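[1] okay, here's the prediction I keep looking at, along with the sequence it came from:
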Amino acid sequence: MKIEEAIKEYVVRIRVNEGRSERTVRSYESDLRQYAAYLADEDITDTKDITGEIIDGFIIEQLASKKSSSVVRMAAAIRSFHHDLAFMHDEKDPSLNLSVHKDVRNLPVFCTREEIAELMGSFDDSDPQQFLEHAVLETIYACGLRVSEVTSLTVNRVDLESGRIRVLGKGDKERIVPIPAGTVPFLKQYRDVLRPVLLKGRSPLFFINRFGRKVTPRSVELLLQNKCAELGFRKHITPHKLRHSYATHMLQGGADLRSIQEILGHSNIATTEIYTHVQNRQLFESYEKFHPGEKGELTDGKGKKI
């Protein structure tokens, strides 16, 4: 069913048949119009093409700019809309696993692998300034570090020969973080070729700017802000969201929570568990896509479908 048509039908039904207050109807309609605009940007015009992953993307985008109460209401509107579609038109309900609570701000906003690839691929590494910027962002994402940890890194804490970083985190707690093999040559080039050019006098810092001074967290935030505008990203990507992306992609790749906890430097495993929402969504999507019952392929043992 066409999305615009479905929304119009739904709004009439909740106004007339369900007797919802005019305020609720207007709020739900406004939320669904924003939802429809997002779907249009994703080139989705039919309700049958909406997936749980698409809904997650919309919710994640809202988390970056709206109050938790507003996002909770939007999620309620989306669930109600899809439940109605499922009942009236016998469509699958992609919102079944959508659960947004009042503490929604604690849920991580992250980039897709494609967005990370586009971001990292947007730098001209032949330009010294862009090479430096690329190296800083690559280290944040590839190692899952806080921006303050990266900008405070000293040369003696970065061991590119063994592929490890000794990170001094919150509360002066030290942890060892592995550097991905594909990132090591890139950082070696920065250390051996670019850093000596940038160095003015002496500095123990691994990352230094063109004045030979410390790269500040604020400059990294502004860099990402400009990159989002340059690349047309709808998400507001921050250094901390690159760290969220690292943890999310590690979990998607099969890493266990304890390992992720150690690498991120979380003192409590409960902090790391916020990333399991991604894994739960993946499991649900896989179930819908591959389970024989969902595909109508179950049989009664005699070859007859049930």
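    On my side now, so go ahead.

[2] my guess is Ser122 is in a strand, correct?
    No - under DSSP: H, G, I helix; E, B strand; the rest coil, Ser122 falls outside any strand and is assigned coil.

[3] I'd guessed it sits against Gly232; true?
    No - Ser122 lies out of contact with Gly232 (CB atoms under 8 Å); the separation is 11.0 Å. (C-beta placed from N, C-alpha, C; glycine too.)

[4] so these two - more neighbours on which side?
    Ser122 (12 against 7; other CB atoms under 10 Å).

[5] who are the contact partners of that one?
    Lys227, Glu230, Leu231 (CB atoms under 8 Å, 6 or more residues apart in numbering).

[6] quick check: chain neighbours aside, which residue is closest to the second one?
    If you skip the residues right next to it in sequence, Glu230 has Ser122 as its closest partner in space, 7.0 Å away by CB to CB, 6 or more residues apart in numbering.

[7] over to Phe207?
    Val215 (4.7 Å).

[8] can you give me the neighbour number for the one you found?
    23.

[9] go on, His83?
    14.

[10] could you say which helix or strand holds the residue nearest the centre of the chain?
    In the chain, the residue lying closest to the centroid (CA atoms, centre = their mean) is Phe110, at 1.3 Å. Secondary structure assignment for Phe110, by DSSP states H and E: no helix or strand.

[11] show me what counts as buried in the helix or strand that Arg73 is a member of.
    Arg73 is part of helix 68-89, with elements assigned from DSSP H and E. By 16 or more other CB atoms under 10 Å, the buried positions in helix 68-89 come out as 68, 71-82, 84-86.

[12] can you list the helices and strands that that helix packs against?
    Under the contact criterion of 3 or more CB pairs under 8 Å, 6 or more residues apart in numbering; DSSP states H and E, helix 68-89 touches helix 3-16, helix 22-41, helix 52-63.

[13] deepest of these, which one?
    helix 52-63 (a mean of 19; mean count of other CB atoms under 10 Å).

[14] specify the angle between that helix and helix 68-89 in degrees.
    150 degrees (axes from the mean of the first three to the mean of the last three CA atoms, to 10 degrees).

[15] any idea of the mean pLDDT for helix 52-63?
    Averaging pLDDT along helix 52-63 gives 79.

[16] distance of Lys66 relative to Asp31?
    Plainly put, Lys66 is 10 Å away from Asp31 if you go by CB to CB, to the nearest Å.

[17] same check, this time on Leu198
    49 Å.

[18] low-confidence ranges in this protein?
    64-65, 101-109, 270-271, 274, 276-306 (pLDDT under 70).

[19] among the buried residues of helix 68-89, which one lies nearest to Arg23?
    Arg73 (11.4 Å; CB to CB).

[20] rewinding a little: out of the contacts of Ser122, which end up buried?
    Buried among the contacts of Ser122 by 16+ other CB under 10 Å: Lys227.

[21] quick one, phi psi at the residue nearest to Phe211 when sequence neighbours are not counted?
    Distances taken as CB to CB, 6+ apart place Lys200 nearest to Phe211, at 6.8 Å, with adjacent residues excluded. In terms of degrees, to the nearest 10, the main-chain angles of Lys200 are phi -120, psi 100.

[22] counting neighbours, what do you get for Lys200?
    Lys200, neighbours per other CB under 10 Å, totals 12.

[23] identify the contacts common to Lys66 and Asp31.
    With CB under 8 Å, 6+ apart, Lys66 and Asp31 have common neighbours Met74.

[24] now the strands for this protein?
    Counting by DSSP state E, residue ranges of the strands within the chain are 158-159, 164-168, 174-178.
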